[in-house]
Structure formats: C-alpha cells, structure tokens
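Q: This is a predicted model, with the sequence first.
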There are 2 protein chains.
Amino acid sequence: MFNFQIIKKSKKSLARIGKIKTPHGEIITPAFLPVATLGVIKGGLTFNEFLSTGVQAQITNSFHFLDLDYIDVIFKAGGLHKFFNFSKPIFTDSGGFQIFSLGRGNEFGLGKIASIFPEEQKKKSKNQLKSLQKRNNLIKKISEEGVWFLSPRNGRLIDLTPEKAFDVQNKLGADFIYVLDVCGTPLDDYFLTQKELEISHQWFNRFIAQYKKIKNIENKQQIFGIIQGGLFDDLRLKSAEFVNNLDVFGIAIGGALGKNKKDMFKILKVINKKIDFNRPHHLLGIGSLSDLENLIKQGIDLFDCVLPTRMARHGMALIKRGFIDIVRKKYQKKFEPIDKDCDCFTCKNYNLAQIYFLFKAKELLAGHLLTIHNLYFFEKVLQNIRNKILSNKI
Amino acid sequence: MFNFQIIKKSKKSLARIGKIKTPHGEIITPAFLPVATLGVIKGGLTFNEFLSTGVQAQITNSFHFLDLDYIDVIFKAGGLHKFFNFSKPIFTDSGGFQIFSLGRGNEFGLGKIASIFPEEQKKKSKNQLKSLQKRNNLIKKISEEGVWFLSPRNGRLIDLTPEKAFDVQNKLGADFIYVLDVCGTPLDDYFLTQKELEISHQWFNRFIAQYKKIKNIENKQQIFGIIQGGLFDDLRLKSAEFVNNLDVFGIAIGGALGKNKKDMFKILKVINKKIDFNRPHHLLGIGSLSDLENLIKQGIDLFDCVLPTRMARHGMALIKRGFIDIVRKKYQKKFEPIDKDCDCFTCKNYNLAQIYFLFKAKELLAGHLLTIHNLYFFEKVLQNIRNKILSNKI
C-alpha cells in the first residue's frame, strides 16, 4: 500500500523527485502540506475549492481534536478523510509542537526560528509577559511518562503519553502519523536539550511499540520519526542516527532550528550526514516561499506551513517576487488579477480592486479568495521546482 | 428591454406567476431577492456558489457604497454587475431604510414590525439606550430638501437628496432602483407620519424627474416607487394612490408595518384597494418562510430579507417545519444531511455532525455551508409555491 520511490535525483544537489504511494493516492515530492488545523483549511473553503488549488495532501493537528474531546466522534464517522471530505492523503502531528507552543514557546513568544533571547525578552511589556506566563502555566508536568496540561479551551486536565498520541492518531485515521516528541525552544541549553532528547527517544520507541501491536496497520498508517536535538550539533547527530535506525516510513526534522535561517541550513547539513535518503524527509513547520528551493537542495521532500493561508486571511497575496499587501490604497482601482499568469479561480475571476474592496468591507469572501490564490500559487512554485529538478536545472 | 408579464393568475387569491424581463435576464415571480448588502452575500460565497443556490436576482444597499465613498470606483469598474461578478438582475435600494435604521429605528431598537412601545423601552438598560441614542445622533437633519447624516463608519457629514439618491443608483447601474423615501417607525404618530409622507411624495417626483433627464435610461434601469403611510389606513391609501399614479415600473411597500403580522396583512389589504396589478409588487424587507404563501396570496411578487443568510451565519438551518439550531449537542453525531430531500451542495456533501463541528471549531466554512443551504432552501419553497399557483392549488 505504502511506498516511497525516487524518480529522479539531482546531480548538483540533494534535491530529488519522489513519489509517495498511500491508500489515498500518490504525492509527488517535493510537496507542500497545507495546514488544516482543525481538519479544514481556514478561510471557508469547501473541499472542492481546496482540491481546485492542486493540493496533494494536508496536515492536521491531532492535539485540537484531543482538546475538543472529538477523537471518538471522528472515529465513529470513519476517520478524518470522511469527516472532512478529503480524499487525498492526510498527515497528523502528535501534539509535540503544541506542547512547545503552550509551554516555553509561548512563554518567550518564540517560533521555531527565533532571534529573541532573554535579554530582548525583558523589553516586552509586562502584560504581554503575564499573558504568556499564564499560558505557560497550562503545562502541569512533563516527565518520562508523558505530559499533563490544562486544556487551553476549558481548563480540564489532559494527559498525553506516547501510547495515547498513537491511539489518538490511529483513531483519527490519517495516512501518516508522527511520533510524540518534546519540542524544545531556541533558548534551551545543552543539558535541557539533552534531557528533552532522551525523553523524546524513549517516547519514539514506546510509540512504535504501540503501533506494532495492531495487525495490518502498515497498510493503513505509516509513521514519521522526528529528529530533535535543538541547536547542538552532537545532539542533532545523535538524534539523526537514532531516528534513522527506527523502523519508520519517513524522517521529520523538528524542534528549534536556530536564531536565523543560516542556523537552520547548518542544522540540516549536520543531520544529512547521518540519515539515509531512501525515505521522505519532512521539515516540520517551515515553508516560506523564498527558502523552498534551497531547502529542497538539502533533500527536503515535504513542507508544511500556515503562512500561505494565514497571509491570505490578512490580505497578503503571494506573487513571483514575494507578496503584496492587497489592502493598500494603490490597489483600489486596479482592475487586473493578482497575477496575470496565474490560473487559479481567484485570478481567473476576480481582480485586485474587487479583493481590496472585499477586505475593506470585511466580507469573508476576501480571505476566501486569497486563500485559494495563495495555495494554488504555492503549489505552482513547487511544481516549477520539480520541473527544474527533472530538467537538471537544480 | 424591461417588461412584466403575468403568466398565470390564481382564481382563489391575488397570487400570480409573473415574468420580469431585464437586460440581465428574466425573473420568474414570486421571487426572493437575497440581500447582498455590500454587493456580495455574506458568508464568503463566490459568485458561482451563489448562483448554485438558484438565486434569480439580488438586492444591494446603495447607502453603504455612498458611505464608503465607493460610487465612482464601482462606476469606473462598469457597475455592480461587473464589480461583483453577478450576471443576473440587481436591485438597489435608495438609502431610505438606512436613514430609518440610523435614526429612530435604532433609537428604539425597532424593526419594520415591532411590538416595542415606549413604556417597554424603559426596561432597556441605560447603556443600550445610550448607544442607541448615540447612533440616533448620526442623523443631523431631515428636511424637504434631503437628509444630512454623519457616516457611521468615519463620522464625515454626508448629504442624501432625491437627486443624489438617483445619481448614486444610476452610477451603480442596478437594473432596478428605488425612490428615496422617509421610512417611519411604528412609533410615529399620525401627524409625523403625514409629514413624512408629504416629504416622501415630493422626493419621489424629484427622483423621477432626475431619471427622465437621462436619454434611453429606460432600457438600462427601471424604478420602483415606495408606498409609505405607516400604520394609518388613510395615509396608506393616499400613498398607494400617489405611487400608483407614478410612471414607475414596480410598486414597493415600505415603512412601518405595524405591531404584529396581523397589522401587516391589514395594511396590505388597504393598499390593494388602490394599486393596479399589472406591475410587480415588492414587500420591502420582509421574508420569513412561514409568511410567504399568505403574502403571495395578497399579490406580493418580490421579497427581500436578510433572515436566511443571517440565520445561516448563526447556525440556524431552514427545514420544512421551520428551522433547526445546528449548534445543539444532539447534532454532534448525526451523520445525515440537514434535509435528505434537499439537493443543495451542502446537503449533498456534508452532514449535520460535520457542520456542528465546524461551528464549534469556529471555522468560516460552517456559515458558508449553511448560507448555501438556506438560500437554496428558500428558493425551493418559492418554487413550490409557484408550482401550487400553476396547478391552481393556491
């Protein structure tokens, strides 16, 4: 049922074209996984509008279904594919990143690449810090056993162990599920990161042991392991080696990726020394258009990122040289599409002046139309990169 | 270009099937005009999703384009049809109702049918009253000349005269435009209503005089006159007679319609004594499903109402016996469509459990899907009524 086949390898870099076979069809890599946080893409798209963007697969956050106490409802409905009318492959993350964003990530207002260090943190207003610390308090305990946190929605205590993270994702029924990890921040020192890594590696083994208990599951679901290790080369190397030896379908790269993009590429180079290239590589949570080609040259096959859809809802439309902010007066009377060469539904039917107005008028259609465009545009950029690989230009 | 033809008359009532010809196609009456306040239906529907509901025409509020200083942009874009990708007939109201809702309507929190009288008003909280009175202050002056008000959006002073109301609607380019009226409240006494009516009638003449100055406009735009007169039979009669004698395409019934639905039907019966039945009759702002058939029996051909779309955004789905509130726990695991017999996109592709979840998850898709259903459902109810008239059942 599942299979990853490399169709074409670049001679100039680690870039390659691959084909992932799943029970819900194929994914040609390098591929983008739009983030359907709660099962659907934000912006009010129906499943057929979503499909019209050329999307090959989606990634959904299992954490929120756990938080909403919705695992059994989705299971009863026949899984995520049925419940959200999505016929293509679905990936679900384990909740590790949400532990990070509920916890220290929020405390310091950090992303996966962050240049904010404690001294800069002091500049933040007291109120902001208070609110962040309040959210941090939602994590009650992280131990070798698992994690206990208060629901950000209603305050009830929820536990998440590797066994439960597997069970939840198994019931949701995604094609690809992710091991539970402790996701550090760029502030974590060596000893904390080392401890987090030890726990993560134990959790991976427990997650996989749980998976192996279920008969024929390999025809329904496959696992991605996650390399952690923060900003420390020897820990990244250790984790890469450990994950590379796991019996998993794919390899994901998670956790803090440094202070800037240079650090991120350095980390990838370290990891690449230890992992094999017969499996798909997923760089978790990263997907800015300008980095795609360079990341693909480092052997990355899968991207997921909220940027294209979040930008859309805030009036930012992707274009060849980056993006434009559509809610600027200069677009008020521009009766031309966002991109004349774009074949998306939005560019074929609506112009800048219309979308500008819809944003000003606060009509939901505005974000809806830009979401369609941004997803379509992102897919096209990836398609162009794939074509470049095929024609030996990368 | 324009023409209203009666295809079938009921023998049992004033109901009839009609056909309105316009430069943007035909409308079979009785028909519903969904309210596209700012040019598009709220709920994030694209033009083709909107068309999929079977909609025959839409009504849009010219007031908001004036408020947004957008008349010239829409004109430059080629009018509302082009700007909003709507190929079917468009109606625009004049702003009269917004004068009402900015003014006394808001002061007393009243709709067109209202049972709230001053003594009940006292029960309202002080804050609510203050906020209403603040909005009331937006109307600076209503005189025979016109109305001056402060923009509810940015506070600038805007004037609206019959001449300007025509000019605005002419530039917006709807198929059907409405005279500017003074829209009273159910609280207005006889003398106030009489004064309002006098001003309205003068404004109608001035509006029509402006219209007649433009060559060949009759092939592009036609006018609806508006009967006012509040709750007073002799004033309604007077207005009906006056409007009936105007050189207009259609007759609308506006203003306060009483304390309850009984009053509304009484007013219609009074009006019907004085108006001819060779023109389409539009009951402004009224369109609750349960009243449709009885109103049609009183000769009403056109309805507009925000209810189906507003209800949709608040989780209320129209069904045969009224509506259901989808955000009730009992729908959480109902894996069946809102209405098994409904052929709308939503009922064909989504079930109650899914829409319940989408509302709980605050995904815009929820209101989007219900808007499609409610509009489609409303159209079907009207279609059934038309069939009943055709088969002599009404």
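A: Nice, I can see it.
Q: can we go C-alpha only for contacts and neighbour counts from here?
A: OK.
Q: The closest residue to chain B within the stretch 251-394 of chain A: what's it in contact with?
A: Residue nearest to chain B within the stretch 251-394 of chain A (C-alpha to the nearest C-alpha): A:Leu365, separated by 3.8 Å. Counting by C-alpha atoms under 8 Å, 6 or more residues apart in numbering or on different chains, A:Leu365 touches A:358, B:42-46.
Q: And A:Phe359, by the same measure?
A: Contacts of A:Phe359 (C-alpha under 8 Å, 6+ apart): A:315, A:327, A:366-367.
Q: Now for those: which two are most distant?
A: Largest separation among the contacts of A:Phe359 by C-alpha to C-alpha: A:Val327 and A:Gly367, giving 11.5 Å.
Q: More neighbours: these two, which one.
A: A:Gly367 (28 against 19; other C-alpha atoms under 10 Å in any protein chain shown).
Q: Ramachandran coordinates for the more buried one?
A: Dihedral pair for A:Gly367: phi -60, psi -30, per degrees, to the nearest 10.
Q: Find the helix or strand that A:Ile389 is a member of.
A: helix A:365-390 (DSSP states H and E).
Q: just A:Val168 next, same as before
A: Using DSSP H and E, the element containing A:Val168 is helix A:162-172.
Q: Please name every helix or strand in contact with that helix.
A: helix A:62-67, helix A:71-77, strand A:176-178, helix A:190-212 (3 or more C-alpha pairs under 8 Å, 6 or more residues apart in numbering or on different chains; DSSP states H and E).
Q: A:Ser143: neighbouring residues, count only.
A: 11.
Q: so what's it closest to, chain neighbours aside?
A: In space, and not counting its chain neighbours, A:Ser143 is closest to A:Ile199: 7.8 Å by C-alpha to C-alpha, 6 or more residues apart in numbering or on different chains.
Q: mind listing what the one you found touches?
A: So A:Ile199 contacts A:143-144, A:181-182 (C-alpha under 8 Å, 6+ apart).
Q: Against A:Tyr178, how distant is it?
A: 16 Å (C-alpha to C-alpha, to the nearest Å).
Q: what's the answer for A:Gly78, then?
A: A:Gly78 is 20 Å from A:Tyr178, by C-alpha to C-alpha.
Q: How many residues are close by A:Ser10?
A: So A:Ser10, with other C-alpha under 10 Å, has 18 neighbours.
Q: Ramachandran angles for whatever residue of the stretch 151-300 of chain A ends up closest to chain B?
A: Distance from chain B to each residue of the stretch 151-300 of chain A (C-alpha to the nearest C-alpha) is smallest for A:Arg153, at 10.9 Å. Torsion angles at A:Arg153 (phi, psi; degrees, to the nearest 10) stand at phi -90, psi -50.
Q: what's A:Ser10 in contact with, if anything?
A: Applying C-alpha under 8 Å, 6+ apart, the residues near A:Ser10 are A:16, A:389-390, A:392, A:394.
Q: what do you get if the cut-off is 7 Å, keeping everything else the same?
A: By C-alpha atoms under 7 Å, 6 or more residues apart in numbering or on different chains, A:Ser10 lies in contact with A:16, A:389, A:392, A:394.
Q: Using the three-state scheme, assign the residue of the stretch 1-150 of chain A found nearest chain B.
A: Here the stretch 1-150 of chain A gets closest to chain B at one residue, A:Gly44, 3.8 Å apart by C-alpha to the nearest C-alpha. Under DSSP: H, G, I helix; E, B strand; the rest coil, A:Gly44 falls in the coil class.
Q: wait, it sits on B:Gly367?
A: No. Using C-alpha atoms under 7 Å, A:Gly44 is not in contact with B:Gly367; the gap is 8.3 Å.
Q: Between these two, which contacts overlap?
A: With C-alpha under 7 Å, 6+ apart, A:Gly44 and B:Gly367 have no common neighbours.
Q: What is the neighbour count of A:Lys273?
A: Neighbours of A:Lys273 under the rule other C-alpha under 10 Å: 11.
Q: now do A:Lys140
A: Neighbour tally, A:Lys140, other C-alpha under 10 Å: 14.
Q: In contact with A:Glu145, which residues are there?
A: Per C-alpha under 7 Å, 6+ apart, neighbours of A:Glu145: A:Thr161.
Q: and it, what pLDDT?
A: Looking at A:Glu145, its pLDDT stands at 93.
Q: That one: what secondary structure?
A: Going by three-state DSSP: A:Glu145 is coil.
Q: what does chain A have sitting close to chain B?
A: A:42-46, A:73, A:83, A:333, A:354, A:363-365, A:368 (C-alpha under 7 Å from any C-alpha of the partner chain).
Q: which among those residues end up buried?
A: Buried by 16 or more other C-alpha atoms under 10 Å in any protein chain shown: A:42-46, A:73, A:83, A:333, A:354, A:363-365, A:368, out of the residues of chain A next to chain B.
Q: on that earlier part again, A:Gly78 and A:Tyr178: who's more crowded?
A: A:Tyr178 (27 against 14).
Q: doesn't A:Phe97 make contact with that one?
A: No. The criterion here is C-alpha under 7 Å, and A:Tyr178 misses it with A:Phe97 at 10.9 Å.
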